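Peer 1: what's the 3D shape of this:
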Amino acid sequence: MGDRLLRSSELTAATQQYRNGLDILSDDGREGMAEQASLRGRLGLALFLQSDLGNARSEFGQLLRIHRQLGSEHPGEVLGEICRRLLNDPKQYWALEREWSAYASAVNKDEDLHSDLVAARNSLTAFVVDWLERPVNSNSESRIWWRFVSSTRYPVSKTVLSSSDWGRLSNSSAVSSSIISQRVGVFAGMMSISP
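Peer 2: Numbers count the residues shown, from 1 in each chain. The predicted structure is shown next:
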């Protein structure tokens, strides 16, 4: 329920759902801790989207701490994956990416937290490919994509996407130049999309 509310931008209601879930969660075992961490990541994203950065950072940090306690090899990737699946558009992606960059810079002396946030940012980049593969629903989505491309001020390349995501983007028949053209509103061959 909270995820549906978050995706439909009902942020206050989503926040309350996630908090209610944390209140009733009583399992102290590994599964319960993993569920608590997941809810904290979702709550953190809802708070972030409401511009409550202090509490969002706290929730993101709690997710990472719990996953370290559970012995997860890559807690940052878990955080990135949770948030990536709940983002609605490139504007949210770029805002969250900038926030995690700033957060990582602020905690530079805490090597674990810093590296987890770098991993979360790297994991989050898959959103670009996910979003490109979504069916085009309206002209407004094309305008959003154009703002996304133009806001980068440089070609969509390996500097934006991980090598595995670049491979998916450049080799995927689902993401052909015609789909990119539909999203951007210009012929994709005229765009500088290079590895």
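
Peer 1: and the lengthiest helix in the chain, which residues are buried?
Peer 2: Secondary structure assigned by DSSP state H gives helix 30-49 as the longest helix of the chain. By neighbour count on 16 or more other C-beta atoms under 10 Å, the buried set for helix 30-49 is 33-49. Using the backbone N, CA and C atoms, a C-beta is placed for each residue, glycine as well.

Peer 1: Alpha carbons of it, in PDB - could you do that?
Peer 2: What follows is helix 30-49, C-alpha atoms only, in PDB (Å, rounded to 0.1, in the frame of the first residue of the first chain):
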ATOM      1  CA  ARG A  30      16.900 -12.000  10.100                       C
ATOM      2  CA  GLU A  31      13.700 -11.800   8.000                       C
ATOM      3  CA  GLY A  32      12.200  -9.200  10.300                       C
ATOM      4  CA  MET A  33      15.400  -7.100  10.300                       C
ATOM      5  CA  ALA A  34      15.500  -7.200   6.500                       C
ATOM      6  CA  GLU A  35      11.900  -6.200   6.300                       C
ATOM      7  CA  GLN A  36      12.500  -3.300   8.700                       C
ATOM      8  CA  ALA A  37      15.500  -2.200   6.600                       C
ATOM      9  CA  SER A  38      13.400  -2.300   3.500                       C
ATOM     10  CA  LEU A  39      10.700  -0.200   5.200                       C
ATOM     11  CA  ARG A  40      13.300   2.300   6.400                       C
ATOM     12  CA  GLY A  41      14.600   2.700   2.800                       C
ATOM     13  CA  ARG A  42      11.100   3.300   1.500                       C
ATOM     14  CA  LEU A  43      10.400   5.700   4.300                       C
ATOM     15  CA  GLY A  44      13.600   7.500   3.600                       C
ATOM     16  CA  LEU A  45      12.700   8.000   0.000                       C
ATOM     17  CA  ALA A  46       9.200   9.300   1.000                       C
ATOM     18  CA  LEU A  47      10.800  11.800   3.400                       C
ATOM     19  CA  PHE A  48      13.400  12.800   0.800                       C
ATOM     20  CA  LEU A  49      10.600  13.500  -1.800                       C
END
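
Peer 1: pLDDT below threshold where in this structure?
Peer 2: 136-195 (pLDDT under 70).

Peer 1: how does it look with 90?
Peer 2: For the chain, residues meeting the criterion pLDDT under 90 lie at 1, 25-29, 89, 108-109, 125-195.

Peer 1: Done for today, thanks.
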